[in-house]
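Q: Quick one, structure for this:
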Amino acid sequence: MKRLALLGSLLLVLMSVARASDIYLAQTAQGGDTGADCADAKAYTYFNSSATGGNTYHLCGTFTGASGTTMLTVPASGTSSAPLIILFETNAIMQSPRWLAGTYLDDGSSGGAIAIINKSYVIVDGGTNGIIQNTDNGTRNTATCLNGTGTGGKCGTSNTSFGLYAKGSNIIIRNLTIRDIYNISGNDVATPTTDTADIHIDDPTTNISICNNTLTNAMQGLISFATGSGAQNNDCQSNTFAAGQNIFLNTTDDHGWQVDMNPSAASAPNIYANNFGSGANWSNGPSADIWHTDGIINYSTANGVVATPYIYNNLFYGALGNGVAGDGSPTGFIFCTYGSGYSNSGTACNIFNNVIVDTQGNSGSSGAAMWLGGDSGYVVGPHNIYNNTFVNTRWNITGTNSAAKSGWYTIQNNITSSNQTQNQFLFDDGISTYPMLNINYNVYYGPNQADWTWHGNSSSFATWKTNCFGGNGTGCDSASVYGNPNLTASYQLQSGSNGIGEGTNLTSLCTGQLAPLCFDKPPNVGAGGSLSGNNARPSSGAWDAGAYQYSSGVVPPAGLVATVH
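A: The predicted structure follows:
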């Protein structure tokens, strides 16, 4: 009898766990208030007091929070085998006139519609079309908001805000749309706009994946103080927590900084297969709080810390804007720099297989494809820049680094094709020296007054190479070519292109986090895209220049890439 009673108790416990594994939440309690489905959902306040690891909490319908608040704060951690999951049901929306935000400079103050504070093994999943949004935050009475309370339906508030905040370890944020956190228009006069972000990852955070999200309308799409390193995560939809930092298959647009990486300890994030858009709306910053527009900006926030990001397989398609004198300016689609005041700190960037297309045209200064900046007392480099394709960028690779050492800029197998007037393939301000360059096997084309401006010399291709050799540079483009690379509308090589076979073989480098270098860029990146469909580069013989391989056609093994479901 005791045995039967024990078995019966165990069965009741198991049944209870099964019933509790999926709990449905709404703005207010629905139906029977059991949490069994959306028709009987519990009020969201249940989550804040009672959520536990191992359960999935389904969000039903529209959740409207008061201005300056956070609606869901994760109260408990999960485990590796039983994570705590927040899942948006179809058409679920979390909205507020303005979700709460602390300051963005790593002071530990949280915010967002959802806040994860010092918790582990948590997944936030937008499901089919989950949305987090502000409805009334942006340039006062100038930019259009979703449901503005200002004059004429414009934005009624101009204030700090986060869409989602996270701090902890083993966190996945996926499948969300986060939008309208701050709508900017014109020469904004509101200083709090700098402290707006769709996703804020605070310090300390480790082992985080952010994937398949669509982020629009904030000063920063993603700001991250996370640390650590690990191999590429190949499956956004898996509930297995990958080591390191993986930011992939996201689409971002209308941010001053699309991604802002600034760790305070050793950090080697993987930023790959994303689709980055424009920052032009943010190039006219407020005079009281100046910014410069960038795609990905990388810098560290502690003395002696040199971050080593891996930035690859991305599409940058947009404009950084012109800026207004005294109020901000474009810098680069990829900006590797340092945090002012943090001595012996900075970044050493690994940048490969990216396509960078500047859509601004010849209307004025539009920033660089890559800006590599450093000064005495900081460590910005060495940088490895391989197999990228730059299209219509005004400045392609800009180096302003008085502290760079010999061979710190390795630039190989890239294609630059620009119709910009006064296009400059290499540009510096007269400080950077030739010995810092290890440059070769590139393709250049710029019919409209293109030149090389380095160490105070502006020159043609032939003169550039002579100056580089005379200045003790390495490679000095001796095996590079000048001419139209004959790219397709999708920036791939066509038959007869001078980029075919132009690159050097870099197979020996394809280890660790550089392993994806031995494959070219997947054709369809960003939210809804895939990590597959790309080609292996040959293990022997010449590589093609640029982000895409023309001749191989070999599909990568499943162990390296996988289709996102």
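Q: Could you report the distance from the nearest residue to residue 541 once chain neighbours are set aside to residue 386?
A: Ranked by CB to CB, 6 or more residues apart in numbering and with sequence neighbours excluded, the top spatial neighbour of residue 541 is residue 505, at 6.4 Å. Using the backbone N, CA and C atoms, a C-beta is placed for each residue, glycine as well. Per CB to CB, to the nearest Å, residue 505 is found 11 Å from residue 386.
Q: Which one of those two is surrounded by more residues?
A: Neighbour comparison, residue 505 and residue 386: the larger count goes to residue 386, with 25 against 16 (by other CB atoms under 10 Å).
Q: Check what pLDDT the nearest residue to the more buried one once chain neighbours are set aside gets.
A: Setting aside the residues directly before and after it, residue 386 is nearest to residue 352 in space (CB to CB, 6+ apart), at 4.1 Å. On pLDDT, residue 352 comes in at 98.
Q: Now for residue 475: which residues touch it?
A: The contact partners of residue 475, by CB atoms under 8 Å, 6 or more residues apart in numbering, come to 412, 437, 438, 439, 440, 441.
Q: any idea how far it lies from residue 442?
A: Look at residue 475 and residue 442: by CB to CB, they are 9 Å apart.
Q: how long is stretch 264-280 end to end?
A: 29 Å (CA to CA, to the nearest Å).
Q: Show me which positions of that stretch end up buried.
A: Using 16 or more other CB atoms under 10 Å as the test for burial, stretch 264-280 gives 264-265, 267-280.
Q: can you check stretch 292-312 too?
A: Along stretch 292-312, these residues count as buried under the neighbour rule (16+ other CB under 10 Å): 292-302, 305-312.
Q: right, and the residue nearest to residue 541 touches residue 544 too?
A: No - counting by CB atoms under 8 Å, residue 505 sits too far from residue 544 to count as a contact (10.7 Å).
Q: residue contacts, the residue nearest to residue 386?
A: Under the criterion of CB under 8 Å, 6+ apart, the contact list for residue 352 reads 311, 312, 384, 385, 386, 387, 388, 514, 516, 517.
Q: Residue 121 now?
A: By CB under 8 Å, 6+ apart, the residues touching residue 121 are 53, 77, 78, 79, 80, 82, 83, 84, 169, 170, 171, 241.
Q: just residue 261 next, same as before
A: With contacts defined as CB under 8 Å, 6+ apart, the neighbours of residue 261 are 224, 267, 269, 271, 296, 297, 298, 299, 307, 309.
Q: Would you agree the fifth one is in contact with residue 331?
A: I take that to be residue 296. No - with contacts defined as CB under 8 Å, residue 296 does not count as touching residue 331, sitting 10.8 Å away.
Q: Can you list the helices and strands that the longest strand seen in the chain packs against?
A: Longest strand in the chain by number of residues, with DSSP state E as the criterion: strand 161-174. In this structure, strand 161-174 packs against strand 114-125, strand 131-134, strand 196-201, strand 206-211, strand 214-224, with contacts taken as 3 or more CB pairs under 8 Å, 6 or more residues apart in numbering; DSSP states H and E.
Q: Run me through the strand neighbours of that strand, direction for each.
A: Applying DSSP bridges, strand 161-174 is found paired with strand 114-125 (parallel), strand 196-201 (parallel), strand 206-211 (parallel).
Q: Identify the bridge partners of the residue nearest the centre of the chain.
A: The geometric centre of the chain, computed from its C-alpha atoms, lies nearest to residue 259 (CA atoms, centre = their mean), at 4.1 Å. Residue 259 has the following beta-bridge partners by DSSP bridges: residue 222, residue 296.
Q: my read: it touches residue 222, true?
A: Yes - shown here, residue 259 and residue 222 form a contact pair, counting by CB under 8 Å, at 4.9 Å.
Q: which neighbours do those two share?
A: Common contacts of residue 259 and residue 222 (CB under 8 Å, 6+ apart): 247, 252.
Q: number of nearby residues for residue 501?
A: Should you count by other CB under 10 Å, residue 501 turns out to have 14 residues around it.
Q: Provide a list of residues in contact with the nearest residue to it once chain neighbours are set aside.
A: The shortest distance from residue 501 to any residue that is not its chain neighbour, by CB to CB, 6+ apart, is 4.4 Å, and that residue is residue 542. By CB under 8 Å, 6+ apart, the contact set of residue 542 is 501, 502, 503, 504, 505.
Q: 10 Å instead?
A: The neighbourhood of residue 542, defined by CB atoms under 10 Å, 6 or more residues apart in numbering, consists of 413, 441, 500, 501, 502, 503, 504, 505, 551.
Q: Look up how far residue 502 lies from it.
A: Applying CB to CB, the value for residue 542 to residue 502 is 7 Å.
Q: Same question for residue 529.
A: Residue 529 sits 27 Å away from residue 502, going by CB to CB.
Q: Count the residues that sit near residue 478.
A: Around residue 478 there are 12 other residues, counting by other CB under 10 Å.
Q: wait, which of the helices and strands packed on strand 161-174 is closest to residue 481?
A: Minimum separation from residue 481 across those (CB to CB) falls at strand 214-224, 36.5 Å.
Q: Tell me the gap between the closest one and the middle of its chain.
A: The gap between where strand 214-224 is centred and where its chain is centred comes out at 9 Å by CA atoms, centre = their mean, to the nearest Å.
Q: Residues contacting the helix or strand that that strand is followed by, please?
A: Scanning forward in sequence from strand 214-224 by DSSP states H and E, the next helix or strand is strand 228-229. Here strand 228-229 makes contact (CB under 10 Å, 6+ apart) with 169, 204-208, 243-245, 263, 265-270, 307-310, 512-513.
Q: May I have the strands that pair with strand 228-229, each with its orientation?
A: Strand pairing for strand 228-229, determined by DSSP bridges: strand 267-268 (parallel).
Q: what does the partner strand rub up against?
A: Around strand 267-268, the neighbours that count as contacts under CB under 10 Å, 6+ apart are 206, 224-230, 244-245, 261, 298, 300, 305-310, 347-348, 350, 512-513.
Q: Okay, and residue 46 sits in which element?
A: Secondary structure from DSSP H and E places residue 46 in helix 45-50.
Q: Distance from stretch 125-132 to the middle of the chain?
A: Taking CA atoms, centre = their mean, the mean C-alpha location of stretch 125-132 is offset from the chain mean by 19 Å.
Q: again, but for stretch 377-389
A: Stretch 377-389 sits 17 Å away from the centroid of its parent chain (CA atoms, centre = their mean).
Q: now this protein, which segments are flagged as low pLDDT?
A: Applying pLDDT under 70 to the chain picks out residues 1-20, 103-109, 186-194, 284-290, 323-328, 363-365, 551-565.
Q: change it to 50
A: Confidence mapping of the chain against pLDDT under 50 gives the ranges 1-20, 106, 288, 552-565.
Q: Put the alpha carbons of the helix holding residue 46 into PDB.
A: Listed next in PDB are the C-alpha coordinates belonging to helix 45-50 (Å, rounded to 0.1, in the frame of the first residue of the first chain):
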ATOM      1  CA  THR A  45       1.700  40.100 -12.900                       C
ATOM      2  CA  TYR A  46       1.700  36.300 -12.100                       C
ATOM      3  CA  PHE A  47       4.900  36.000 -14.100                       C
ATOM      4  CA  ASN A  48       6.700  38.600 -12.100                       C
ATOM      5  CA  SER A  49       6.000  36.800  -8.800                       C
ATOM      6  CA  SER A  50       5.800  33.200  -9.800                       C
END
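Q: Nice, that's everything, thank you.
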